[in-house]
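Engineer: quick check, what structure comes out for this input:
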Amino acid sequence: MDKLIYTAMSGAKNNTLAQAVHANNLANMMTTGFRADFTQARSMQVFGGSFPSRVYSASEIPGTDFSQGSLKETARSLDVAIKGEGFIAVEGADGLEAFTRAGDLYVDDIGFLRTGTGISVFGDGGPIVIPPFEKLEIGRDGTISIRGQGQGPEALNQVGRIKLVNPDTTTIVKGSDGLFRRIDGLIEPAAAEVSLSSGFLETSNVNAVEAMTSILTLSRQFEIQVKMIRTAEENDETATRLLQVN
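Structural biologist: Take a look at the predicted model:
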């Protein structure tokens with residue numbers, strides 16, 4: 001009886017974990033540059049001092065969907081979208097280099113260039129700081145040019161360049177903050193082949209229909225697992241009554 005309960009319990013638990021992944025994908029459907037996570041389930045034998053007769057299920061996140069989302073025009077000079085492969089280098093909460101596809105940028109009160117979530121954007125020499133300006137342009141290669149306050153329209157000065165990288169997707173992993181990092185912790189060199197589209201934002205690559213369908217399927221599987229646990233309990237009660245009669 002314990003085999004049935006154990007199998008059903010592990011199945012229900014991992015159905016819940018898989019649901020959380022798909023729910024997170026669905027919740028970030030409107031998040032700029034978000035990359036959906038994949039899920040998978042596999043059977044795992046329980047090894048120990050006896051014969052491995054028990055098998056439970058395990059839910060995993062085997063990787064991330066790196067397919068590109070669609071581009072949405074905003075006509076805002078600080079909005080940029082990466083065309084094709086590549087990432088924008090930013091500073092993670094730990095102070096180390098991380099990568100993002102979110103190009104909804106802004107300049108804070110002290111001149112730091114940040115993403116929409118407040119993360120500092122890296123240039124060739126660290127976080128980018130921009131002097132006061134009246135006009136700002138971002139080139140295809142990430143070059144930032146400004147017209148300073150009080151200057152004429154012909155005075156465009158280059159003040160920095162966004163660090164664009166193109167790491168091998170098999171060497172990076174997504175953290176709980178949604179940022180990607182190299183597994184080995186090393187600094188990724190800038191990639192000249194990565195280009196930006198100014199005045200555009202990349203939408204999430206989450207397929208809402210697929211995510212919702214997966215959630216409903218997992219919900220039905222969870223109900224089946226719970227029903228199996230109840231059936232095991234009823235069988236156990238029946239067996240107990242039979243033993244009492246004897």
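Engineer: what residues of the longest helix along the chain count as buried?
Structural biologist: Using DSSP state H, we find that the single longest helix of the chain is helix 208-245. Going by neighbour count (16 or more other CB atoms under 10 Å), the buried part of helix 208-245 is 211, 214-215, 218, 221-222, 225, 228-229, 232. Using the backbone N, CA and C atoms, a C-beta is placed for each residue, glycine as well.
Engineer: repeat for stretch 90-101
Structural biologist: Buried-residue list, stretch 90-101, by 16+ other CB under 10 Å: 90-92, 97-101.
Engineer: tabulate those (CSV), appending pLDDT, distance to D124 and secondary structure.
Structural biologist: Below are these laid out as CSV (pLDDT from 0 to 100; distance: CB to CB, whole Å; DSSP: H, G, I helix; E, B strand; the rest coil):
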residue, pLDDT, distance to D124, secondary structure
V90, 97, 14, strand
E91, 95, 14, strand
G92, 92, 18, coil
E97, 95, 12, strand
A98, 96, 17, strand
F99, 97, 16, strand
T100, 96, 17, strand
R101, 96, 20, coil
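Engineer: would you format those residues as CSV with distance to A27 included?
Structural biologist: Listed next are the buried residues of stretch 90-101 as CSV, based on distance: CB to CB, whole Å:
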residue, distance to A27
V90, 22
E91, 25
G92, 21
E97, 27
A98, 21
F99, 21
T100, 18
R101, 17
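Engineer: most widely separated two among those?
Structural biologist: Greatest spacing in those, by CB to CB: E91 and R101 (15.9 Å).
Engineer: that older thread, mean confidence for the longest helix of the chain?
Structural biologist: Averaged over helix 208-245, pLDDT sits at 85.
Engineer: the closest residue to F99 other than its chain neighbours: how many residues sit nearby?
Structural biologist: In space, and not counting its chain neighbours, F99 is closest to F87: 3.5 Å by CB to CB, 6 or more residues apart in numbering. For F87, the neighbour count with other CB atoms under 10 Å is 25.
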